[in-house]
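K.L.:
Sequence and predicted structure, then a few things I'm wondering about:
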Amino acid sequence: MSSSIQTKKVLNTIINDDCIKIMNQMEENSVDLIFADPPYNLQLGEALTRPDNTHVNGVYEEWDSFDSLAAYDDYTRKWMKAARRILKEDGTIWVIGSYHNIFRVGYILQDLGFWILNDIVWNKTNPMPNFKGTRFTNAHETLIWAAKNPKSKYTFNYEAMKALNEDMQMRSDWQLALCTGKERLKGTDGNKLHPTQKPEALLYRVILSSSKVGDVVLDPFFGTGTTGAVAKKIGRNFIGIEKDATYVKGAQERIDNVEAVDNEICLEFSAKKRQPRIPFGAVVERGLLSPGDILYDSSKKHCAAVRSDGTVKSEKMEGSIHQVGAAAQNAPACNGWVYWHYLDKKRGLVCIDELRQQVREELYPGE
């Protein structure tokens with residue numbers, strides 16, 4: 001299939017058209033990240049009412065209605081196939097859904113060759129109650145994050161997400177509120193412009209975690225432009241595709257009001273460079289420590305003898321510096337490089353991590 005739409009010519013624009021048609025016209029392997037918020041096929045049927053008989057604004061739009069599950073599956077397969085075609089080999093895709101569709105979405109993703117990396121549970125801190133009292137309150141949605149294939153060298157900004165979470169690993173359950181207040185776009189009638197507008201906080205995590213500054217983020221179901229607004233804020237390029245002209249107008253006005261960050265320093269984030277792995281045996285074979293030398297923990301409560309093959313032996317066990325360190329503390333794991341110390345005549349106890357760094361500089365100068 002020949003490509004008639006050059007990616008660089010549609011950067012930071014909203015295309016008012018059908019997403020399958022447009023993606024099939026775009027260049028192959030041309031976008032870094034896709035966020036898709038497709039129709040959920042909610043199958044609501046009759047209108048919902050509260051106990052006081054007031055109407056609940058559900059999703060009754062035509063774009064969320066399908067004649068059958070087979071029709072929904074066919075539509076899902078077509079847009080995902082088109083999305084896969086334009087995604088770079090090392091790119092990733094996020095798809096959000098609810099219990100109505102997410103299991104079908106995941107099945108089709110895998111059928112098409114995508115490699116699932118995570119499923120994220122978005123726990124809504126302010127969910128809509130179950131007014132009828134016939135089911136559990138539906139308080140979450142699920143995001144599937146997938147690479148194009150198992151060998152993709154995908155982007156994951158682990159350190160940035162950890163920093164965002166007060167130096168704790170970011171978990172796969174996210175506590176975030178629904179989109180409300182000033183963030184919620186309203187139509188000329190004062191009602192919600194779009195029934196399923198996603199909060200910017202959700203897209204902030206998605207885009208920050210899995211893209212780099214300057215990357216191209218595509219949203220095939222652009223709606224009110226949350227993806228574009230967040231991408232612009234944090235230095236990414238976006239491409240939006242949206243069939244409804246009313247949504248396009250609202251999204252464009254919203255994005256026009258977003259101020260992009262000009263200061264590159266503010267767009268930087270924590271990224272710990274992976275340093276080359278150094279085995280403890282490399283320290284021994286270079287004579288920085290010798291067989292028979294004794295290692296100690298920082299309080300000299302535990303000790304272990306260095307052996308010729310780069311293992312160590314304590315009263316409890318023998319093995320790697322990590323295994324023996326864990327056993328000494330009755331802990332499930334241990335970083336032996338920072339746990340063990342050797343005794344220097346002038347300096348006293350010195351962490352063996354200094355020796356690792358010495359070997360690293362010798363083997364990989366300048367890294």
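P.N.:
Thanks, I have it.
K.L.:
From here on, just use CA atoms for contacts and neighbour counts.
P.N.:
Will do.
K.L.:
Pull out the buried positions in the helix or strand hosting Val324.
P.N.:
Using DSSP states H and E, Val324 maps to helix 321-329. Neighbour counts using 16 or more other C-alpha atoms under 10 Å place Ile321, His322, Gln323, Val324, Gly325, Ala326, Ala327, Ala328 of helix 321-329 among the buried residues.
K.L.:
following it, which helix or strand shows up next?
P.N.:
Moving toward the C-terminus from helix 321-329, the first helix or strand encountered (DSSP H and E) is helix 336-339.
K.L.:
Just checking the distance from the helix holding Val324 to the centre of its chain.
P.N.:
33 Å (C-alpha atoms, centre = their mean, to the nearest Å).
K.L.:
now stretch 18-38
P.N.:
19 Å.
K.L.:
In the chain, where is pLDDT below threshold?
P.N.:
Along the chain, the parts satisfying pLDDT under 70 run over 1-2, 42-64, 131, 263-265, 268-274, 366-367.
K.L.:
Quick check: longest helix in it by residues?
P.N.:
For the chain, the longest helix by residue count, based on DSSP state H, is helix 69-86.
K.L.:
Report the buried residues of that one.
P.N.:
72-73, 76-86.
K.L.:
Would you format the residues you listed as CSV with distance to Thr13 included?
P.N.:
Output for the buried residues of helix 69-86, formatted as CSV (distance: C-alpha to C-alpha, whole Å):
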residue, distance to Thr13
Tyr72, 28
Asp73, 29
Thr76, 24
Arg77, 25
Lys78, 23
Trp79, 20
Met80, 21
Lys81, 22
Ala82, 19
Ala83, 18
Arg84, 21
Arg85, 20
Ile86, 17
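K.L.:
just those now: which is nearest Asn149?
P.N.:
Arg84 (10.1 Å; C-alpha to C-alpha).
K.L.:
Tell me the spacing between the closest one and Ile207.
P.N.:
Distance, Arg84 to Ile207, using C-alpha to C-alpha, to the nearest Å: 18 Å.
K.L.:
Now do the contacts for the residue lying closest to Ala83 once chain neighbours are set aside.
P.N.:
Distance criterion C-alpha to C-alpha, 6 or more residues apart in numbering; nearest residue to Ala83, sequence neighbours excluded, is Met23 at 6.4 Å. By C-alpha atoms under 8 Å, 6 or more residues apart in numbering, Met23 lies in contact with Ala82, Ala83, Ile86.
K.L.:
Equivalent analysis for Met128, please.
P.N.:
Met128 makes contacts with Thr137, Asn138, Ala139, as judged by C-alpha under 8 Å, 6+ apart.
K.L.:
Report how many residues lie close to the closest residue to the first one other than its chain neighbours.
P.N.:
When you say that, I think you mean Thr137. Nearest non-adjacent residue to Thr137, counting by C-alpha to C-alpha, 6+ apart: Asn130, 5.0 Å away. Counted with other C-alpha atoms under 10 Å, residues neighbouring Asn130 total 13.
K.L.:
try Cys266
P.N.:
Considering only other C-alpha under 10 Å, Cys266 is surrounded by 10 other residues.
K.L.:
Over to Thr125?
P.N.:
Thr125 - counted by other C-alpha under 10 Å - has 13 other residues nearby.
K.L.:
Let me know the closest of the buried residues of helix 69-86 to Thr246.
P.N.:
Looking across the buried residues of helix 69-86 and measuring by C-alpha to C-alpha, the closest to Thr246 is Trp79, at 21.9 Å.
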